[in-house]
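Asker: need a 3D model of the sequence below.
(2 chains)
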Amino acid sequence: MSFVMPNFLPAVPEMFVLGMASVILLLDPFLSERARNVTYLLAQATLVVALLLTLALTGEGTVVTFSGTFVTDPLANLLKVSVYIATFAVFLYGKAYLQARNIYKGEFFVLALFAVLGMMVLISAHSLLTLYLGLELMSLALYAMVGFQRDNGVASEAAMKYFVLGAMASAMLLYGMSMVYGVTGSLDLSEIRTAISASSEYGVVLSFGLLFLLIGVAFKLGAVPFHMWIPDVYHGAPTAVVVFVSSAPKLAAFAMLMRLLVDGLGGLAEEWSSVLALLAVLSMALGNVVAIAQTNLKRLLAYSGISHIGFLLMGVVAANGSGYSSALFYSLTYLLMTLGGFGLILIMSRSGFEADQINDYRGLHSRNPWLALMVLMLFFSMAGVPPFLGFWAKLAVIQAVVQVDMVWLAIVAVVFSVIGAFYYLRVVKVAYFDAPEVDTPIAPPADQHWLLSANGLAVLALGLFPSWLMALCAAAIPG
Amino acid sequence: MSFQALLFYALSALLLTGAGLVVSVRNPVHAALSLVLCFFASAGLWLLLEAEFLAITLVLVYVGAVMVLFLFVVMMLDINVTRMREGFIRFLPLGTVVAVLSAAFMILVVSGPYFGLEAMPAPPAKAADYSNTAELGRQLYTTYVYPFEIAAVVLLVAIVAAITLTLRRRPNTRFQEPSLQVQVRRADRVRLVSMSAEERK
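Answerer: Have a look, this model is predicted:
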């Protein structure tokens, strides 16, 4: 058996993040409580340097290394860069929240960095083995982060639910992987693809394998009917963790979907496309309808996230290059909007006050007009009102399904986005037209305020000039 | 029937009996011990497949470490068996449906033409001095070095997560420190105050 020394260069960002996470893990116990900012700054610096490293390696094109277990391509680079940016924003948004609740600890940053590493492995996976290991690395760190606030019973319950259901989903995924491995005889995604296109007699085993893989992926994305954990986890976990769970891991789950279904099982597109269409319709329907009844903003955003996943899946249903790039565009748009939505809750909250009820935002306009404007931009974008970014994302996925003659799906999407507009606009109405309960002006910390402003303005600016981000997404998807 | 086939059927019967006992016996300690039996039987099956390293590791790690720990946990927890069985009848229909469906899946998948001896013929037997362990090590550190390292990181994260979730320092908890108690001096406990005598009225 001959062994070729792997090309280590494409994995330098992974190695760097792993090294820094270990350094921070070792350094943190020696810091006093007052010096915790050092941990925070080191974690942020890690993300910035990883971003630069990944950008420096973008010229490499598509490289498969480590005996076919690792791949780097334009899609991987774009998703990794987005994960770094999202995590950077999460740390910045969450800092004051964590400090106020006495959970500003080194473990938070270490676990988050390990989760980022897991996402990077998942995004760059080129074999079922690395795909599963990356997923587990990410999920394990997330389970612990959800239960991070140990004195909080609701958070512990959420962590337990997340862990048990997540373990179930992992088992399903593994079961599906074992069937795919059993019939194709390979863990390597491109070899699986060749094996499937070479022979058409795998039939029932491959279909069952595909079904179990889809269940696992749908759980990680939070698509109906595998969404049960999302509202409870978002409601129970500390908001600084929720902003993380709801943002970057969704990108990783999208990468998993692309790697498994497109890179690996692309030959079965007809089979998985109809299942995904069903998941998309169910997610859009349940997410948008149940969100109307919510009074808790975190639960509302949870159901809104479920419906966004439905829209995202529509792009993949089209099963062609423009469909995938529209789904990628949607996932990046969702990332910006969910960061802004939960970032707003983090900014409004203070010690002993979670700011997670919609009524807490009454009369925000008279208390802080700039924050109210940000609410307006973010929620209009989520509702899909032009000229904000969310409109273009919805338009792109709807175009993608119309192009493949699935007009019924496009009509369903439009109907549910109109229903969804109701609860988004209600939040804007509460912020602008209801009388405030207290008149004290809100003065958020400067760094968070800048970040939220940048976040809101990005939704507007990218909405006015969407072609740049669209071109980036189109370039990331080959073919 | 060859001796190998006889061994295979004997070990499989043992494995299935053990697995059945795990879910059917009332006493949790007996269930854990039945699981140990399952592990031994599957280790035997692996030996038949000439995977001697995996067989020994299964016994060492699962029987030697995991199940012993598990037994300790089962013995220390006061598990109320009757409460655990409360929902049995209520969930029986759903459980039956799930069990029948999964069994049907399994039979459909495994009994098809894909996994028979024709589709996957037995590989030729290796020479007597062939080292399974050395070959596994070589594979792990060459072809599979990247997944191997990631698995190591997963274990590290598990340690960090477990410590984060369980270690707590309680500065307010009162506890005895015998060394300080022994060293205590009279002056630490008793304060002699000299007061001027008061006049009796």
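Asker: which residues touch residue 47?
Answerer: Let's take chain A. A:84, A:87, A:88, A:91, A:116 (C-beta atoms under 8 Å, 6 or more residues apart in numbering or on different chains). Bear in mind the C-beta positions are built from the backbone N, C-alpha and C, glycine included.
Asker: that's the other chain; I wanted chain B
Answerer: Taking C-beta under 8 Å, 6+ apart, one finds residue B:55 in contact with residue B:47.
Asker: quick check, pLDDT for it.
Answerer: If you check residue B:47, the pLDDT there is 91.
Asker: got it, and the one 4 residues further on?
Answerer: In the predicted model, residue B:51 carries a pLDDT score of 88.
Asker: what number of residues lie near the closest residue to it other than its chain neighbours?
Answerer: In this structure, residue B:51 finds its nearest non-sequential neighbour in residue B:132, 6.4 Å apart by C-beta to C-beta, 6 or more residues apart in numbering or on different chains. Each residue near residue B:132 was counted by other C-beta atoms under 10 Å in any protein chain shown, and the total is 15.
Asker: again, but for residue A:289
Answerer: Other residues near residue A:289 come to 15 when the count uses other C-beta under 10 Å.
Asker: the helix or strand harbouring it near chain B anywhere?
Answerer: Residue A:289 is part of helix A:269-292 when elements are defined by DSSP states H and E. No. Residues of helix A:269-292 are not located near chain B by C-beta under 8 Å from any C-beta of the partner chain, the shortest gap being 15.9 Å.
Asker: from the contact counts, what lies against the helix or strand following that helix?
Answerer: Using DSSP H and E, the helix or strand that follows helix A:269-292 in sequence is helix A:297-317. Of the remaining helices and strands, those touching helix A:297-317 by 3 or more C-beta pairs under 8 Å, 6 or more residues apart in numbering or on different chains; DSSP states H and E are helix A:203-221, helix A:229-236, helix A:248-257, helix A:269-292, helix A:321-348, helix A:389-403, helix A:407-433.
Asker: for helix A:297-317, give the mean pLDDT please.
Answerer: For helix A:297-317, the per-residue pLDDT averages 95.
Asker: report the angle between it and helix A:248-257.
Answerer: Relative orientation of helix A:297-317 and helix A:248-257, computed by axes from the mean of the first three to the mean of the last three C-alpha atoms, to 10 degrees: 20 degrees.
Asker: which other residues reach the helix holding residue A:289?
Answerer: With C-beta under 8 Å, 6+ apart, helix A:269-292 has contacts from A:207, A:210-211, A:214, A:218, A:223-225, A:227, A:261, A:265, A:300, A:303-311, A:313-314, A:316-319, A:406, A:409, A:412-413, A:416-417, A:419-420, A:422-423.
Asker: and these, which are buried?
Answerer: Among the contacts of helix A:269-292, the ones that count as buried by 16 or more other C-beta atoms under 10 Å in any protein chain shown are A:210-211, A:214, A:218, A:223-224, A:227, A:261, A:265, A:300, A:303-311, A:313-314, A:316-319, A:406, A:409, A:412-413, A:416-417, A:419-420, A:423.
Asker: so where is the chain shaky, pLDDT-wise?
Answerer: This is for chain A. In the predicted model, chain A carries pLDDT under 70 at residues A:1, A:200-202, A:479.
Asker: should've been chain B
Answerer: In chain B (pLDDT under 70), the answer is B:1, B:80-82, B:84-85, B:201.
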